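Q: Build me a model from this:
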Amino acid sequence: MAIRQRAVLDRPMTQTHSAAPAADAGIVLRRPQLTDGQPVHALVRRCPPLDLNSSYSYFLLCSHHADTCVVARRGEDTVGFLSAYRLPAAPHTLFVWQVAVDASTRGQGLAGRMLEELLARPSCAGVQFVETTVSPSNLASRRVFIRFAAQRQAAWQEEVFLSRAHFGAEAHEEEVLLRIGPLTPVPAT
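A: Residues are numbered from 1 along each chain as shown. Reported below is the predicted structural model:
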């Protein structure tokens, strides 16, 4: 498999920023707990093209992997979720499994904020690389991670991780692995 490596500045990126973070008002980012499992499952169901896993898997993520997951809440509503884990054989690498953002909150930078919140935690101390897989049709997710690489002034590379053939009879797009890093600290503003 060919690996394509890119420096941060090898292609222009269009970024939009809202003038005021009014849409962010009232959103709380926190470590999930067991009771977040069902609302997270419902959120992912509302976020195609994400693969919907069993509710049980979200209960496990919200309890066993809470230190490397983030839930975003606005009042009583779950409006975002990021699941990740450190690779057992390479603990300096954080693998982001899913990022779900409710339609009411998209385009406001919530996915990036959840990733930064997670990387700031003691549970992610020493993380130098972020990896994720993105299907080719999920352009929004791809933009989140390329923007993150640019903000962190980090190079990124990509390669096919799972081809369509890996999925057998299941009609599933290939999954492209994005690897970002090494990470630099966020510049103080």
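
Q: For Ile27, give the beta-bridge partners.
A: Under DSSP bridges, the beta-bridge partners of Ile27 are Arg74.

Q: Start at 25, not 1
A: Fine by me, first position is 25 from now on; the one you just mentioned is Ile51.

Q: Count the neighbours of it for me.
A: Ile51: 19 surrounding residues under other Cβ atoms under 10 Å. C-beta: built from backbone N, CA, C; applies to glycine.

Q: how close does it sit to Leu111?
A: Ile51 sits 29 Å away from Leu111, going by Cβ to Cβ, to the nearest Å.

Q: Could you do Thr117 as well?
A: Remark: distance between Thr117 and Leu111 (Cβ to Cβ) = 5 Å.

Q: More neighbours: the two, which one.
A: A count of neighbours by other Cβ under 10 Å puts Thr117 above the other of Thr117 and Leu111, at 18 against 12.

Q: next SSE after the helix or strand hosting the more buried one?
A: Under the criterion of DSSP states H and E, Thr117 resides in strand 114-125. Using DSSP H and E, the next helix or strand after strand 114-125 towards the C-terminus is helix 134-143.

Q: quick one: contacts of that next one?
A: Outside helix 134-143, the residues that touch it by Cβ atoms under 8 Å, 6 or more residues apart in numbering are 48, 51, 53, 92-94, 96, 103-106, 108, 118, 120, 123, 125, 148, 151, 154, 165, 168, 171-172, 175, 207, 210.

Q: Now, these that are in helices?
A: Among the contacts of helix 134-143, the residues falling in helices (DSSP state H) are 165, 168, 171-172, 175.

Q: Turn the buried ones among these into a named PyMOL selection, would you?
A: The PyMOL command for the buried members of the ones in helices among the contacts of helix 134-143 (criterion: 16 or more other Cβ atoms under 10 Å) is given here:
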select buried, resi 165+168+171+172+175
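
Q: Pipe the ones in helices among the contacts of helix 134-143 into TSV and attach pLDDT per row.
A: Below are the ones in helices among the contacts of helix 134-143 laid out as TSV (pLDDT from 0 to 100):
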residue	pLDDT
Ser165	88
Val168	94
Arg171	94
Phe172	95
Gln175	92
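
Q: what's the spacing between the residue nearest to Ser147 when sequence neighbours are not counted and Glu141?
A: Once flanking residues are discounted, Ser147 sits nearest to Asp91: 3.8 Å by Cβ to Cβ, 6 or more residues apart in numbering. With distances taken as Cβ to Cβ, Asp91 is found 12 Å from Glu141.

Q: Before I go, just wanted to say thanks for your time.
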